[in-house]
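Q: Please work out how this folds:
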Amino acid sequence: QYLRMKAIHFTEMLRQIDQAYQHRALVDVYAYKGETGAIVHYKGWLVHHVAWRQGFIRLRNPKNRELRTIPQIFIIQINNQKIYL
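A: Numbering: from 1, shown residues only. Next comes the predicted model:
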């Protein structure tokens, strides 16, 4: 038996990101890196800021306070849920 990963729509991902921002919950995000196309895993990061009109989110590592800005369209998975458009 294999586990099937749930898929959610892009707008549902935006709702989850907004809720994580409001409740200061940790997220588990896989996203493409813009320069190389490599997949980066942000495990246990906080949503620091959401820019809806610009299409970016900022994640903060709670351990060392490092910030990363990610285009929302580059996110391919959040909290073990694949994203589709």
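Q: For the strand ranked longest in the chain, which residues meet the burial criterion?
A: Scanning the chain for the longest strand, with DSSP state E as the assignment, gives strand 39-51. Neighbour-count burial for strand 39-51, counted by 16 or more other C-beta atoms under 10 Å, picks out 42, 45-48, 50. Every C-beta, even on glycine, is put in place using the N, C-alpha and C of the backbone.
Q: Then stretch 28-41?
A: Buried, per 16+ other C-beta under 10 Å, within stretch 28-41: 29-32.
Q: so the residue lying closest to Leu46 once chain neighbours are set aside bridges to which residues?
A: Among residues not flanking Leu46 along the chain, Arg60 sits closest, at 4.7 Å (C-beta to C-beta, 6 or more residues apart in numbering). Beta-bridge pairing for Arg60 (DSSP bridges): Leu46, Leu67.
Q: Give me the residue at the spatial middle of this protein.
A: Val29 (4.1 Å; C-alpha atoms, centre = their mean).
Q: In contact with that one, which residues?
A: By C-beta atoms under 8 Å, 6 or more residues apart in numbering, the contact set of Val29 is 41-42, 45, 59, 70, 75, 77-78.
Q: let's see it at 10 Å
A: When contacts are counted by C-beta atoms under 10 Å, 6 or more residues apart in numbering, Val29 touches 13, 17, 20, 40-45, 47, 57, 59, 68, 70, 74-79, 83.
Q: what helix or strand does it sit in?
A: Using DSSP states H and E, Val29 falls within strand 26-32.
Q: Next, the angle from that strand to strand 39-51.
A: For strand 26-32 against strand 39-51, the angle by axes from the mean of the first three to the mean of the last three C-alpha atoms, to 10 degrees is 110 degrees.
Q: Mind checking the pLDDT average for strand 26-32?
A: Average pLDDT, strand 26-32: 97.
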